[in-house]
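K.L.:
Please find the sequence and the predicted model below.
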Amino acid sequence: MDITINTPALFFPAISLIMLAYTNRFLALSNRVRSLHDKYQNHEQKLIIHGQIKNLRYRLKLIKNMQALGVVTFLSSIMCMYLIYIDSMEAAKIIFAFSLIAFSASLALSLLEIQLSTKALELELSDMEGLEDPSVIEYFKKKFEKE
């Protein structure tokens, strides 16, 4: 496979957008941590808040690693472009493959973090009685039965 200098350069917009999304997730989590900290200090629903804080702490670590892998992807893409520029194609191919792996790992961590964010919302709703968590199939069955 031959790669040109444009191949790793195509990564730049994707990496920039994903880093922006990661930063937005981090900012939303940091705001949530601050509000939960205030609630915890006021002794409101400590058990539920404690579970949420544990979840948020783990999610913050995931986001930190997602961002780090995004930066590694960015740097390895730049390194790949330099290696192509100096006509070191074998090294460029290896570095480009590494950047693809780093980007894939970042996206995998992102998927895990999204799954954990769903659990955090379930914790938030856990103190409300009468709320069931139907499966998708049950939801659509009920939806169509009413109509």
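P.N.:
Sure thing, it's come through. Numbering: from 1, shown residues only.
K.L.:
The most centrally placed residue in the chain: what's it in contact with?
P.N.:
Central residue of the chain (C-alpha atoms, centre = their mean): residue 110, 2.6 Å from the mean position. Shown here is residue 110, whose contacts under the criterion C-beta atoms under 8 Å, 6 or more residues apart in numbering are 18, 21-22, 66. (Glycine included, C-beta is placed from N, CA and C.)
K.L.:
for the nearest residue to residue 50 once chain neighbours are set aside, phi and psi?
P.N.:
Leaving aside its chain neighbours, residue 50 sits nearest to residue 40 (7.6 Å; criterion: C-beta to C-beta, 6 or more residues apart in numbering). When read as degrees, to the nearest 10, the backbone of residue 40 gives phi -70, psi -40.
K.L.:
The closest residue to residue 3 other than its chain neighbours and residue 10, how far apart?
P.N.:
Using C-beta to C-beta, 6+ apart and skipping the chain neighbours, the partner closest in space to residue 3 is residue 96 (6.0 Å). With the distance defined as C-beta to C-beta, to the nearest Å, residue 96 ends up 11 Å from residue 10.
K.L.:
Ok, residue 3 next?
P.N.:
Relative to residue 10, residue 3 is positioned 10 Å away (criterion: C-beta to C-beta).
K.L.:
Compare neighbour counts for the two and give me the winner.
P.N.:
Between residue 3 and residue 10, counted using other C-beta atoms under 10 Å, the more crowded position is residue 3 (16 against 11).
K.L.:
so what's that one up against?
P.N.:
Residues in contact with residue 3, defined by C-beta under 8 Å, 6+ apart, are 80, 84, 89, 92-93, 96.
K.L.:
TSV please, covering the residues you listed and showing distance to residue 72 and pLDDT.
P.N.:
Converted to TSV, the contacts of residue 3 look like this (distance: C-beta to C-beta, whole Å; pLDDT from 0 to 100):
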residue	distance to residue 72	pLDDT
80	12	94
84	18	93
89	21	93
92	16	94
93	17	94
96	13	94
